[in-house]
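> Build the 3D model from these lines:
(one chain, ligands or ions: 1)
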Amino acid sequence: MNALVTGVSAAGGLVFGDGIEIIVHRLGERRPLDRPWWRCEVCEAPATGVGQVPVLRVVARRRGCPSCAAPFKQTYRPAVLAALGALVLGAFAVRFGADVVLAAYAVFGLSMLAISAVDLERWIIPNHIIYPTLALLIPLFVIASAVDDRWGALGRAAASGAAAFAGFYLLHVAVPKGMGFGDVRLSGVIGLATGWLGYGHAFVAFFAGFVLGSLVGLVVIVVTGGDRKSRIPFGPFLAAGAIFSVIWGNPVAHALFHRTV
Ligand SMILES: [Zn+2]
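Alright, predicted model coming up:
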């Protein structure tokens, strides 16, 4: 049963991870999510043949548009998103098994990937992804709480989300250039989703995000010759910390606090 759940979840992660490219690209260009979904960015000719297949579409994109020969700006990103989607959702399925809450974390994982891709490219955390994510997550967590009478988890999720939002809001006010308001909204979503698993998980998520962001930030400063102005987007690190905590939060929180939290 669990092997089946993991397989289905990983396959879903692959297909939806691949599809995230459309959301990331169109939202970035401020264009509607209209059909044909996979098409040339210049002449709008729809993708044909292998260009319609997840992951394999890299082959077609490397060749450019079959109609006008224009190159694709993001040749590999759909395949990277598909691979990460399969990995993350597969790992979540191993973690949760056939638990109803897996649906909430599948949405959360895909949303974190989409937000990271947009933030890496354009330095924004789009409300057009944050708000639909919340609109899906909240009812999914309510359903998961109702099914197994886990209302305490829902309370911790709400408290963690509010606390993370408030904490990052203070950071944003203190250092507006270091922390955008998009990061504040994102932290609220991460606090909510990791807090459902426990306060320790929320702590591990942000702790891991800050450690990872600081390490990469240091490397960037060293590589660019000590220029402290060389900034990096923070969203992907918060997202990575959150995914890390959903998968490994239990053992890490246990090691940190010497008890299950
Ligand atoms: Zn074209």
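> Output the below-cut-off pLDDT ranges for the stretch 151-261 of the chain.
Across the stretch 151-261 of the chain, residues meeting the criterion (pLDDT under 70) sit at 226-230, 259-261.
> where do the strands sit along it?
Counting by DSSP state E, counting those that start in this stretch, one finds no strands in the stretch 151-261 of the chain.
> what residues does this structure put near the ion?
C40, V42, C43, A45, C65, S67, C68, A70 (C-beta under 5 Å from the ion). Quick note: C-beta positions are derived from backbone N, CA and C, even for glycine.
> Kindly provide the distance from G191 to the ion.
Noted for G191: a distance of 43 Å to the ion, by C-beta to the ion, to the nearest Å.
> For R39, give me the backbone phi and psi.
R39 adopts backbone torsions of phi -150, psi 170, taken as degrees, to the nearest 10.
> Can you tell me, leaving aside adjacent residues, what's nearest to it?
Excluding its sequence neighbours, the residue lying closest to R39 (C-beta to C-beta, 6 or more residues apart in numbering) is P46, at 4.9 Å.
> ok now do that neighbour, which residues does it touch?
By C-beta atoms under 8 Å, 6 or more residues apart in numbering, P46 lies in contact with P36, W38, R39.
> Nearest to the middle of the protein, which residue? Look it up for me.
Centroid-nearest residue in the chain, with C-alpha atoms, centre = their mean: M112, separated by 0.9 Å.
> Wait, A106 touches L89, no?
Yes. A106 lies in contact with L89 (C-beta atoms under 8 Å); the separation is 5.4 Å.
> about what we covered before: where does the residue nearest to the centre of the chain sit relative to the ion, distance-wise?
From M112 across to the ion, the span is 32 Å (C-beta to the ion).
> more neighbours, A106 and L89?
Remark: of A106 and L89, L89 carries more neighbours, 26 against 22, as counted by other C-beta atoms under 10 Å.
> List the buried residues of the strand or helix carrying that one.
Element membership for L89 (DSSP states H and E) is helix 77-96. Buried residues in helix 77-96, defined by neighbour count with 16 or more other C-beta atoms under 10 Å: 77-93, 95-96.
> Heading C-terminal from it, find the next helix or strand.
That would be, after helix 77-96 and using DSSP H and E, helix 102-122.
> So which elements touch that next one?
Counting contacts by 3 or more C-beta pairs under 8 Å, 6 or more residues apart in numbering; DSSP states H and E, helix 102-122 is packed against helix 2-28, helix 77-96, helix 127-147, helix 181-195, helix 235-257.
> quick one: it to helix 181-195, angle?
When axes from the mean of the first three to the mean of the last three C-alpha atoms, to 10 degrees is applied, the directions of helix 102-122 and helix 181-195 differ by 160 degrees.
> So for V223, which of the helices and strands packed on helix 102-122 sits nearest?
Proximity to V223, assessed across the helices and strands packed on helix 102-122 by C-beta to C-beta, is greatest for helix 235-257 (16.9 Å).
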